[in-house]
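In: curious how this folds, go ahead:
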Amino acid sequence: MALVGAGEFLPGMAAFDRDLLASIPRARPRVVILPTASAPDGEVTFRRWAEMGVEHFAALGAEVEPVLVRNAIEADDEGAEQAIGEADLIYLSGGKPAWLRAAVDGTRVGMALLDAHLRGALIAGCSAGAMVLGARQAEFRGWRSLPWPLRWGTGLGFAEGIAVLPHYDAWPEPFVALMALQAPRDVTILGIDEDTAVVGRDGAWQVHGRARVTVWRGRHRERYRRGDSFRA
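Out: Next up is the predicted model:
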């Protein structure tokens, strides 16, 4: 599993994504782009993220298919379920985490994601996509305008015991730290900087990208940089 703070489909994450593809034992990995989290921002934005994902991973040598699921009704489509079932890498891009969670939970797409995770496919999420993969997720009143959690909801739970705060370095840390300190005590908070990611395998996480990952365990804070590993 890969959790990305921000920067999906942009040049700054190309080397990281190339390494993800190289970890898949297939000459031309099959990639699915799931831009569902951006659907509330309008059709133009939704399709732009899908197109960016296709262009980005195709340039890296993958076989890429966008799964254009906007809501829970579309997430019950058999074709979308099949595409995810055949993918080596499923990439959940950014947008609104609460929308993404509601759109896929309990649907064919949601079950296909779980099946893919259990069979060992690579699941990657960026920003909202990373948040929803955790056990808990902060629900905001406007991530860009007023990034304050109204409550901590449940995520899909693929990353057990984890909650993600993406764009961690885009805000003054005293402000973002308040969010981490308000999180439920049963989760570890990963504050992931932009253009930075963690990859999880067998309970361990390794940092990739240009900046840092800040790990909050209650009031205890630790920093990790590229190449560092830790257990959550």
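
In: could you use CA atoms for every contact and neighbour count after this?
Out: OK.

In: by average pLDDT, which secondary structure element in this structure comes out worst?
Out: When each helix and strand of the chain is scored by mean pLDDT, DSSP states H and E, strand 149-154 comes last, with a mean of 78.

In: number of nearby residues for Glu74?
Out: Close neighbours of Glu74, defined as other C-alpha atoms under 10 Å, add up to 18.

In: output the contacting helices and strands for the helix or strand following the least confident helix or strand of the chain.
Out: Counting by DSSP states H and E, the element after strand 149-154 in chain order, helix or strand, is strand 162-165. Packing partners of strand 162-165 (3 or more C-alpha pairs under 8 Å, 6 or more residues apart in numbering; DSSP states H and E): helix 128-133, strand 136-140, strand 188-192.

In: separation between Leu68 and Gly134?
Out: Distance of Leu68 to Gly134, computed by C-alpha to C-alpha, to the nearest Å: 23 Å.

In: more crowded one of these two?
Out: Gly134 (25 against 17).

In: quick one: the more buried one and Leu165 touch, right?
Out: No: using C-alpha atoms under 8 Å, Gly134 is not in contact with Leu165, being 10.2 Å away.

In: three-state assignment of the closest residue to Ala6 other than its chain neighbours?
Out: Excluding its sequence neighbours, the residue lying closest to Ala6 (C-alpha to C-alpha, 6 or more residues apart in numbering) is Glu194, at 4.5 Å. Classification of Glu194 using DSSP: H, G, I helix; E, B strand; the rest coil returns coil.

In: does Glu194 touch His167 like I think?
Out: Yes: using C-alpha under 8 Å, Glu194 is in contact with His167, at 5.1 Å.

In: any common contacting residues for these two?
Out: Common neighbours of Glu194 and His167, counting by C-alpha atoms under 8 Å, 6 or more residues apart in numbering, are 5-6.

In: between the two, who's got more neighbours?
Out: Glu194 (25 against 20).

In: check contacts around the residue nearest to Ala6.
Out: Contacts of Glu194 by C-alpha under 8 Å, 6+ apart are 4-7, 166-170, 211.

In: redo that, cut-off 10 Å
Out: Taking C-alpha atoms under 10 Å, 6 or more residues apart in numbering as the contact definition, Glu194 lies against 4-8, 12-13, 126-127, 166-170, 209-213.

In: which of these count as buried?
Out: The neighbour count (16 or more other C-alpha atoms under 10 Å) marks 4-8, 12-13, 126-127, 166-169, 209, 211-213 as buried among the contacts of Glu194.

In: state the mean pLDDT of the longest helix seen in the chain.
Out: Counting by DSSP state H, the longest helix found in the chain is helix 43-59. Helix 43-59 shows a mean pLDDT of 98.

In: packing partners of the helix or strand following it?
Out: Next helix or strand after helix 43-59 toward the C-terminus (DSSP H and E): strand 63-66. Packing partners of strand 63-66 (3 or more C-alpha pairs under 10 Å, 6 or more residues apart in numbering; DSSP states H and E): strand 30-34, helix 43-59, helix 78-85, strand 89-92.

In: host element of the residue nearest to the spatial centre of the chain?
Out: Computing the C-alpha centroid of the chain and ranking residues by C-alpha atoms, centre = their mean puts Gly125 first, at 1.7 Å. According to DSSP H and E, Gly125 maps onto strand 122-126.

In: strand partners (parallel or antiparallel) of that strand?
Out: strand 2-4 (parallel), strand 89-92 (parallel) (DSSP bridges).
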